[in-house]
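> Coordinates for the following, if possible.
(2 chains)
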Amino acid sequence: MKVILHDLEPSRSEQLSSKCDAIIEADGKYAPCQGCFGCWVKHPAECFMKDKLQKACRTLGRAEELVIITKNLYGSYSTNIKTVMDRTIGASTPLSTYRAWEMHHILRYGKHSLFKVLVYGNITEQEKATFTYMAKRNAINDGYNESEVLFFASASEAESAV
Amino acid sequence: MKTVFINGSPKKKISASSYLSAMQRLFVKGEKVTKQLRNKNDYESIFEELKDADAIVLSLPLYVDGLPSHVLAFLEEAEMFFRENDLHPNLYCIANNGFIEGRQNEPLMQVLENFCFRAGINWRGGIGIGGGVMLNVTRFVFLVQTAVYIIMLIITGFQTGNYFHEGVISAFLQNVGVLLFFNAGVIFFFIRMGIAINRRGKDFGKHYTRILIPSFIFIPFANLFFLIYSLFKGGLFRGWLAKK
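This next block holds a predicted model:
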């Protein structure tokens, strides 16, 4: 399954939906993670907040290939995208193991293949290095075999690169 | 000299971030203010304190290899605030993650450095701490054990007339020693970062430490912790490891 997570205008989803199996719109119409661990210890793979992200981890967890389209923010994902990532840690279990010689969570839905990030907007060289490093770290943490980060000047260029 | 401690954990109480920032506070001189950053309603009172701050100590948890999203949202506002008011305080960071390796905080540190560059404030480095959740748990285990020792002292006192039973006191001191050992790396860097802050914004650089336990012991204990925690919360009976 190929999943696209994007912070573009919601109207862009229609066009993008032909290129993937599922879309998550990071439109900011949801609350940030409260750090309660409920999606691990109380009601697994489900958030206590009843908004569109309540069961989003089940979609992200099943992604073979994940494509994230995000605006740059200090070499990190935009706030709206990062909220989705924080709210979907239910894709892993609370148990930990060694992965790539480090401690990481055991995955609820198993390993994935490609973690691809398409970054748009004004960005410095330092921020590019940070982003590439962060995506590599995310790929290890979430159990992806490889990560790829591409940079674009505008949102439309990033969108057409999917 | 004024230092503002900002706790970036969304948790209302007993967060590892507030515990660690309270520990760092002990080693900083001058005027000190601690603020909680949980949502947009906190911005205004934080900015009020930042107007005359010399140093900022941002204590926050690592979320998915980066900053918690509500802190990212705050930084966007803070960038404008620092630029509009032409402020250039020194930023220090205390990042903690649940995993044992403190170095897993590196991407978070880089993002904060990039933020400082854009906001025109001074990045002065920080401490990345592994096993933050476990450090937070150890303080409660310590408090419970201490309470048990006090009760034991009273009971043995009743029975023998000696209220300072050597066996119980030495067991308590051993307990203090173990807690200090677990925290030794963290305390060492808090003292050093405190010195840097007290020297009016000396550069500290990035340092990584952890709860001083080998990972092959830490991981089974972390798993045991979540097993017991899930048992009490009820998750264990709701398809704990199921794919759903």
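
> same for the helix or strand of chain B with the lowest mean pLDDT, what does it pack against?
Ranked by mean pLDDT, DSSP states H and E, the weakest helix or strand in chain B is helix B:132-160, scoring a mean of 91. Judged by 3 or more CB pairs under 8 Å, 6 or more residues apart in numbering or on different chains; DSSP states H and E, helix B:132-160 is in contact with helix B:16-25, strand B:90-97, helix B:166-198, helix B:215-233. Glycine gets a C-beta too; all of them are placed from N, C-alpha and C.

> now the angle from it to helix B:215-233?
On the basis of axes from the mean of the first three to the mean of the last three CA atoms, to 10 degrees, helix B:132-160 is oriented at 80 degrees to helix B:215-233.

> Helix B:132-160: which residues count as buried?
B:132-139, B:145, B:149, B:152-153, B:156 (16 or more other CB atoms under 10 Å in any protein chain shown).

> Now the two most distant members of these.
Distances among these were taken as CB to CB; the most separated pair is B:132 and B:156, at 36.6 Å.

> before we move on, the earlier item: closest to chain A among the buried residues of helix B:132-160?
The shortest approach to chain A among the buried residues of helix B:132-160 belongs to residue B:133, at 9.3 Å (CB to the nearest CB).

> Could you find the closest non-adjacent residue to the closest one?
Nearest non-adjacent residue to residue B:133, counting by CB to CB, 6 or more residues apart in numbering or on different chains: residue B:98, 4.5 Å away.

> what about the one you found, how many neighbours?
Residue B:98 has 22 neighbouring residues, counting by other CB atoms under 10 Å in any protein chain shown.

> So what does it look like in phi/psi?
Main-chain dihedrals, residue B:98, degrees, to the nearest 10: phi -70, psi -30.

> Hmm, residue B:131 and it touching each other?
Yes - contact criterion CB atoms under 8 Å: residue B:98 and residue B:131 qualify, at 7.4 Å.

> Number of residues surrounding the closest residue to residue B:52 other than its chain neighbours?
Leaving aside its sequence neighbours, residue B:52 sits nearest to residue B:2 (CB to CB, 6+ apart; 5.9 Å). Counted with other CB under 10 Å, the neighbours of residue B:2 add up to 16.

> Residue B:2 against residue B:50, yeah?
No - Residue B:2 is beyond contact range of residue B:50, at 9.5 Å (criterion: CB under 8 Å).
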